[in-house]
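Student: predicted model, plus sequence, below.
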Amino acid sequence: MAHAEYDYIIVGAGSAGSILAARLSEDPTVSVVLLEAGGSDNHPFVRMPSALSIPMNLPRFNWGFESEEEPGLGGRRLDCPRGRVLGGSSSINGMAFVRGHPCDIDEWAASGADDWDHAHCLPYYKRLERWYKGADRYRGDKGPVAVCAGNDMRLNPLYEAYIASGVEAGYPHTADYNGAQQEGVGQMHMNVDGGVRASTARAYLDPARARQNLTVLTASLVDRVLMDTGTATGIVYRSAGREFTVHARREVILSAGSIGSPSILQRSGIGPESVLADAGVQTLVDAPGVGENLQDHLEVYFQYRCTQAVSLNRHLSWWRKGLIGARWLLTREGLGATNHFEACAFIRSRPGRKSPDIQHHFLPAAMRYDGRSAFAGDGFQVHVGPNKPHSRGRVRIRSANPSVAPSILFNYLTAPEDIEDWRAAIRLTRELLAQEALAPYRGEEIQPGQDIESDAAIDAWVRNNVESAYHPSCSVKMGSEEDPMAVLDAECRVRGAQSLRVVDSSIFPVITNGNLNAPTMMVAERAADLIKGSPLPPEEVPLWVPDDWQTRQRSATGSIV
């Protein structure tokens, strides 16, 4: 075996790992090595925003995980794509930039993750982003990650019609759901920089790679963490059919994601004793929470025929796609420069919820998110789903061999509360889309279909059609020492082990209301400062809350509190 030594070893060059590598290597006195199982992200299908479905379907860029047969979905297995490339899932995701509601972040602190409230996290959201409209108390404009609104809804009238329909339905308009007011309908934001995907590899890692103290190793599959009397001393990885060892003078940091990080911990002897025994791994730290508490978002496509020839479906022929691609290659502009989710909504399912729990992504086309099929003719759709699930799953290794995929079970829709939330999501979405503002474009409801009205019909349709929104998280959660399932302390350190941290979306105690790339990047920015011992001070800001949130489900008025 070959040997090397660095101050910090970071496993996984994804949304979190690339940021950690860039931030920790800012100190020229420390050495950092970043290991990634995949390869380069320098590919036009990765860089081109509208091509997002292509890298997601290529084994070169995607781990291609799949869930076990889900009991709440009639035994269906769902895809669980994860990035296997520099930039990780930020190189294959939909680029939607959603921080989550401040109440979601406050929930982390309330669950025992000290100082992980909105006030402590806001400075890091601001530090990472380069918001195209300029900085204010809520937004930053000097960060590495460019955040824009695509083509600002200029290229399709359906965006404005959808937003107007939401306002007609009684929901407030929000000018910035990542600012003071998440709740409402408005423009959607995306991490796109000059028409190019702004992954963490491009935003953070590329500028840092010239540093002499940063080493990036690709095609390196991490097997396990080396432990010596309770201290992480290095890792073992495989590359080109050989096994190598790298040693850490200071720390090992796992940033392999909500599937990869718990799997590596378990292969290293840190996890539930029964799970490790079944996989033939000796238990070094009996940590029952490793791989548990797994959460994800589900979604369905609420589709309508479009009565005017304005939808994106008319651009799906091979020659039109070719024209879009050619324009993007030459100018980085046009339909190739956006993810096409340029309008959205965050709404509450019922009275008594202080913050939204349902999300809409509006798309001026009727097609599958993964690009595998599209509706014949013009159409439009809303990707909709409740974003605060009660169901909990798990990740468990099957073997000590890192080449064997783990067993993943989300237990989707096994909590009765989730069934109720889905009924509300379907009915509220249908009502919003039935408003007069969309009447000039709205044709027949393609799916669910007008006959899907009763509780039983909605339940059956959702179970048969729901898909993952690709947001696995929470499988190595932070929390208080009194919580036996909290694997990490509030500084992302593994309890029962020394010099070992986890920093990625697996550390969330509870999933946020929205896409997960933005909060994952925030977590990495803050964790880097915690590792350095120099966290930024908290920032308290007023937030928009509906005046009547305790009694009404929707409100077009609210107050800053």
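Tutor: Great, that's in hand.

Student: note down every partner strand of the strand ranked longest in the chain and its orientation.
Tutor: In the chain, ranked by residue count with DSSP state E as the criterion, the top strand is strand 242-254. Partner strands and pairing direction for strand 242-254 (DSSP bridges) are strand 2-11 (parallel), strand 231-239 (antiparallel), strand 500-502 (parallel).

Student: need those in a markdown table with distance to H390 and mean neighbour count, can you?
Tutor: Any C-beta I mention is one placed from the backbone N, CA and C, and that applies to glycine too. As requested, the strands paired with strand 242-254 are arranged in a markdown table below (distance: least, Cβ to Cβ, whole Å; neighbours: other Cβ atoms under 10 Å):
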| stretch | distance to H390 | mean neighbour count |
| --- | --- | --- |
| strand 2-11 | 31 | 20 |
| strand 231-239 | 34 | 20 |
| strand 500-502 | 24 | 26 |
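
Student: need those strands in a markdown table with distance to S274, can you?
Tutor: Formatted as a markdown table, the strands paired with strand 242-254 follow (distance: least, Cβ to Cβ, whole Å):
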| stretch | distance to S274 |
| --- | --- |
| strand 2-11 | 25 |
| strand 231-239 | 23 |
| strand 500-502 | 21 |
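
Student: coming back round to it: list of residues touching the longest strand of the chain?
Tutor: Applying Cβ atoms under 8 Å, 6 or more residues apart in numbering, the external contacts of strand 242-254 come out as 1-12, 17, 20, 30, 33, 35, 220, 223, 225-226, 232-238, 260-261, 264-265, 499-504, 531.

Student: try 6 Å
Tutor: Around strand 242-254, the neighbours that count as contacts under Cβ atoms under 6 Å, 6 or more residues apart in numbering are 1-5, 7-11, 225, 232-237, 261, 264, 499-503.

Student: what's in contact with the following helix or strand past that strand?
Tutor: From strand 242-254 onward toward the C-terminus, using DSSP states H and E, the following helix or strand is helix 257-267. Identification of contacts with helix 257-267 by Cβ under 6 Å, 6+ apart yields 65, 82, 222, 224, 254, 256, 271, 290-291, 395, 397, 400, 406, 472-473, 475-476, 502, 504-506.

Student: give me the pLDDT for the spatially most central residue of the chain.
Tutor: Per Cα atoms, centre = their mean, the C-alpha nearest to the average position across the chain is that of L516, at 2.5 Å. With respect to pLDDT, L516 has a value of 98.

Student: and for E420?
Tutor: Predicted confidence (pLDDT) at E420: the value is 97.

Student: other SSEs contacting the lengthiest helix in the chain?
Tutor: Once the chain is assigned using DSSP state H, the helix that runs over the most residues is helix 416-433. In terms of contact count using 3 or more Cβ pairs under 6 Å, 6 or more residues apart in numbering; DSSP states H and E, helix 416-433 is assigned the packing partners strand 379-386, helix 455-465.

Student: most packed of these?
Tutor: Mean neighbours per residue, mean count of other Cβ atoms under 10 Å, is largest over those for strand 379-386, with a mean of 25.

Student: where exactly do the strands run in the stretch 351-500 of the chain?
Tutor: 358-363, 379-386, 393-396, 407-409, 442-447, 467-468, 500-502 (DSSP state E, counting those that start in this stretch).

Student: let's have those in a markdown table, adding distance to M190 and mean pLDDT.
Tutor: Supplementary listing: the strands of the stretch 351-500 of the chain in a markdown table, determined by distance: least, Cβ to Cβ, whole Å; pLDDT from 0 to 100:
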| stretch | distance to M190 | mean pLDDT |
| --- | --- | --- |
| strand 358-363 | 11 | 98 |
| strand 379-386 | 14 | 97 |
| strand 393-396 | 28 | 98 |
| strand 407-409 | 28 | 98 |
| strand 442-447 | 26 | 96 |
| strand 467-468 | 20 | 97 |
| strand 500-502 | 27 | 99 |
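
Student: would you format those strands as TSV with distance to A161 included?
Tutor: Compiled in TSV, those are given as follows (distance: least, Cβ to Cβ, whole Å):
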stretch	distance to A161
strand 358-363	10
strand 379-386	9
strand 393-396	38
strand 407-409	39
strand 442-447	9
strand 467-468	25
strand 500-502	44
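
Student: and these: which comes nearest V494?
Tutor: Each of the strands of the stretch 351-500 of the chain was checked against V494 via Cβ to Cβ, and the shortest separation belongs to strand 500-502, namely 4.5 Å.

Student: no more questions from me, cheers.
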